[in-house]
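Visitor: Here's my sequence, what's the structure:
(chains A and B)
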Amino acid sequence: ETGVTQSPTHLIKTRGQQVTLRCSSQSGHNTVSWYQQALGQGPQFIFQYYREEENGRGNFPPRFSGLQFPNYSSELNVNALELDDSALYLCASSPRTGALGETQYFGPGTRLLVL
Amino acid sequence: AQSVTQLGSHVSVSEGALVLLRCNYSSSVPPYLFWYVQYPNQGLQLLLKYTSAATLVKGINGFEAEFKKSETSFHLTKPSAHMSDAAEYFCAVSFPGGSQGNLIFGKGTKLSVKP
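Guide: Now for the predicted structure:
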């Protein structure tokens, strides 16, 4: 069984650019959540996708957007990058509806550096 | 507002000693509670979770945690630390009425194990 995978592993961008991060969910999982983990902090919830629809969103501006594809893989897009967007971006998948209490399985993350 | 507090950003123990990592939450309704571990340059791995069944929860690698409603706590313990336990540990909660899939994480506790 393949776990959650993310690409790329590392990325360097400059302020104002746009970035796309990718996530493949664990086999059999139809729900994907994205988190931002700044240095020295715990992860913060960005949003969740269930069956290609956004199913919940944290306190992040609209320049953070996402997609989920029919195979349940997902993308996180960030426009107009700011220095504070530098962080580890984690993707997590879960097997059903992303209901409360359901275990989320995390990928290794993409480390983004904005200069 | 719901929140999670992890007391102690850094805990150091000797190999073979008791590990105690503290987590307190703030909520007016019973939450679901999780402990995750993060090894360097990796994603998060679930250690254990509480979803309103038994208050003492056993997880992987010899860890366990006890939900104490009166103290709003969910401390993580392991009787005997091993060198391989050195990592960062995150307590997380999700709340009924919260955004679907929204795990709220504490800031983490870095565990060091001395030989």
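Visitor: check contacts around A:V114.
Guide: Contacts for A:V114 were tallied using C-beta atoms under 8 Å, 6 or more residues apart in numbering or on different chains; they are A:12-15, A:17, A:81-86. In this view, the C-beta of every residue, glycine as well, is placed from N, C-alpha and C.
Visitor: And A:S94, by the same measure?
Guide: A:S94 sits next to A:29, A:31, A:33, A:102-105, B:101 when contact means C-beta under 8 Å, 6+ apart.
Visitor: can you do 10 Å?
Guide: By C-beta atoms under 10 Å, 6 or more residues apart in numbering or on different chains, A:S94 lies in contact with A:25-26, A:29-33, A:48, A:50, A:102-105, B:101.
Visitor: From A:S7, how far out is it?
Guide: Counting by C-beta to C-beta, to the nearest Å, the gap from A:S94 to A:S7 is 20 Å.
Visitor: Please apply the same query to B:K107.
Guide: 28 Å.
Visitor: now B:N102: how far from B:S52?
Guide: As judged by C-beta to C-beta, B:N102 and B:S52 stand 18 Å apart.
Visitor: What is the neighbour count of whatever residue of chain B ends up closest to chain A?
Guide: For chain B, the residue closest to chain A is B:F105, as judged by C-beta to the nearest C-beta, at 3.2 Å. Neighbourhood size, B:F105 [other C-beta atoms under 10 Å in any protein chain shown]: 21.
Visitor: How about it, nearest residue that isn't a chain neighbour?
Guide: In space, and not counting its chain neighbours, B:F105 is closest to A:G42: 3.2 Å by C-beta to C-beta, 6 or more residues apart in numbering or on different chains.
Visitor: before we move on, what about B:N102?
Guide: A:F45 (4.5 Å).
Visitor: low-confidence ranges in the chain?
Guide: In the absence of a named chain, chain A is used. A:1, A:97-100 (pLDDT under 70).
Visitor: actually chain B
Guide: For chain B, the ranges with pLDDT under 70 are B:1, B:96-101.
Visitor: what does it put close to chain A?
Guide: Neighbours of chain A within chain B, by C-beta under 10 Å from any C-beta of the partner chain: B:4, B:6, B:9, B:31-34, B:36, B:38, B:41-46, B:49-52, B:88, B:90-108, B:110.
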